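Enquirer: Got a sequence here, can you model it:
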Amino acid sequence: MGKKIDDYYVTKALQLYLEGLSYREIERIIGVSHVTVSNWVKSFNIKKTSHANYHPTYKIFNHLELVEYIKKKELLSGAGMIITELGDKFMLIKWERFKD
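Expert: Numbering: from 1, shown residues only. Alright, predicted model coming up:
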């Protein structure tokens, strides 16, 4: 039997999947095999919704980098975003709407 992974990372992986990140992107971010992430998605029967009008991007910051980023108002306008803790770093996910 494989090693037990903290539920925190399972939850983060599933959140990232729902936000539109690929299995391999999730693997690079949280350090868990893309096959494991795929198995979690299947075991929890997670269905990804269509993000045809939105394009998610993400950035990984340490605390000081995040503070500097947020100080720049122009970077906060024109898109939805969420900041989530990721180990000792922070991930900012931003959704920019495609223009018709």
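Enquirer: Can you give me every residue that contacts Val41?
Expert: Leu14, Tyr17 (CB atoms under 8 Å, 6 or more residues apart in numbering). All C-beta spots, glycine's among them, are computed from the backbone N, C-alpha and C.
Enquirer: Run the chain-centre distance for the helix or strand in which it is found.
Expert: Here Val41 sits within helix 34-43, counting by DSSP states H and E. From the chain centre to the centre of helix 34-43 is a distance of 15 Å (CA atoms, centre = their mean, to the nearest Å).
Enquirer: what about the residue positioned nearest the centre of the chain, is that helix, strand or coil?
Expert: Within the chain, one residue has its C-alpha closest to the average C-alpha position: by CA atoms, centre = their mean, that is Leu16, at 3.5 Å. Under DSSP: H, G, I helix; E, B strand; the rest coil, Leu16 falls in the helix class.
Enquirer: Ok, Ile5 next?
Expert: coil.
Enquirer: Just to check, the residue nearest to the centre of the chain is in contact with Arg28?
Expert: No. In this structure Leu16 lies outside contact range of Arg28 using CB atoms under 8 Å: 10.6 Å.
Enquirer: what residues does stretch 30-38 touch?
Expert: With CB under 8 Å, 6+ apart as the test, stretch 30-38 has contacts from Ile5, Tyr9, Lys12, Ala13, Leu16, Tyr17, Ser22, Tyr23, Arg24, Ile26, Glu27, Leu86.
Enquirer: Just the CA coordinates for that stretch, please, in CSV.
Expert: What follows is stretch 30-38, C-alpha atoms only, in CSV (Å, rounded to 0.1, in the frame of the first residue of the first chain):
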residue,chain,number,x,y,z
ILE,A,30,2.2,20.3,-4.7
GLY,A,31,4.8,17.7,-5.4
VAL,A,32,2.4,14.7,-5.8
SER,A,33,2.4,12.5,-8.9
HIS,A,34,0.0,13.5,-11.6
VAL,A,35,-1.2,9.9,-11.6
THR,A,36,-2.1,10.2,-7.9
VAL,A,37,-4.0,13.4,-8.6
SER,A,38,-5.9,11.8,-11.5
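Enquirer: Now do the closest residue to Ile70 other than its chain neighbours, the pLDDT please.
Expert: Setting aside the residues directly before and after it, Ile70 is nearest to Leu76 in space (CB to CB, 6 or more residues apart in numbering), at 6.9 Å. Per-residue pLDDT puts Leu76 at 84.
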